[in-house]
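S.K.: sequence? don't have it. structure:
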């Protein structure tokens, strides 16, 4: 005899359905808001997919449970999917816990000859919030170390007329009063690896030796990968400085970085 979804042996799991519905709605709303703001990446698309799946599962919960009870294979598949999801979630939480421990505060950085600010993105000639946070952190460090040069890195973003470096330099001068003669503009790079690689000869032209101590400023979520890249480029004295990620995009950015690190690991880049 086949058990039906409304059989007493399979009562409605109202709490589970409610949790799925609330979690799904929050994930989907978060993703849609960021999409409207122009953010399209794995850290935004995946929450949209997970949110939609959770809402669908909440809606179809009785039918799904009936399908699960129909055959032993279905039950095993159901358990396998949830086990895989739990393992992935644990790995994500472990990765996020590592991010909390990375980076120095500006006042903790030993004396350096240069401060390298990694690019992140501009819009209409202005830094996006993540990049603005990096620049604000770099400016705080620059005021603590007034003799250090500041390298701002980044080429021209899609749809923009100026390079990230030019936008970053203007922001530092107008917002924080950083003198123009302290700035070194690296205006060609299109990746973190090129940010670091192309800024080195420019700093060398200004008298900064290749083995001189350098502070590298980036977002908290990005520092792990950036430090791995710096290590591959044989930079001996790099002090990572963490800029906070705006709360509105923090966990989306951390989720995106999880996949970026996984991709780099699979490709042998870290």
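M.R.: Received, thanks. For clarity, every value in this text was computed on a predicted model and none was experimentally measured.
S.K.: what stretches of the stretch 151-270 of the chain score poorly on pLDDT?
M.R.: Residue ranges of the stretch 151-270 of the chain with pLDDT under 70: 266-270.
S.K.: which residues of it fall in strands?
M.R.: For the stretch 151-270 of the chain, applying DSSP state E, counting those that start in this stretch gives strands covering 183-186, 214-219, 238-243.
S.K.: could those strands be laid out in TSV, adding distance to residue 26 and mean neighbour count?
M.R.: Any C-beta I mention is one placed from the backbone N, CA and C, and that applies to glycine too. Below are those laid out as TSV (distance: least, Cβ to Cβ, whole Å; neighbours: other Cβ atoms under 10 Å):
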stretch	distance to residue 26	mean neighbour count
strand 183-186	39	22
strand 214-219	23	28
strand 238-243	26	22
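S.K.: closest to residue 34 out of those strands?
M.R.: strand 214-219 (15.9 Å; Cβ to Cβ).
S.K.: how far does the closest one sit from the chain's center?
M.R.: Distance of strand 214-219 from the chain centroid (Cα atoms, centre = their mean, to the nearest Å) equals 15 Å.
S.K.: need the strands for the stretch 1-150 of the chain, in chain order.
M.R.: 114-117, 122-123, 126-127, 149-153.
S.K.: which other residues reach the third one?
M.R.: Surrounding strand 126-127, the residues in contact under the criterion Cβ atoms under 8 Å, 6 or more residues apart in numbering are 120, 121, 135, 167, 168, 171.
S.K.: Ranking by neighbours, what's the top pick from those residues?
M.R.: Highest neighbour count within the contacts of strand 126-127: residue 168, with 31 neighbours (other Cβ atoms under 10 Å).
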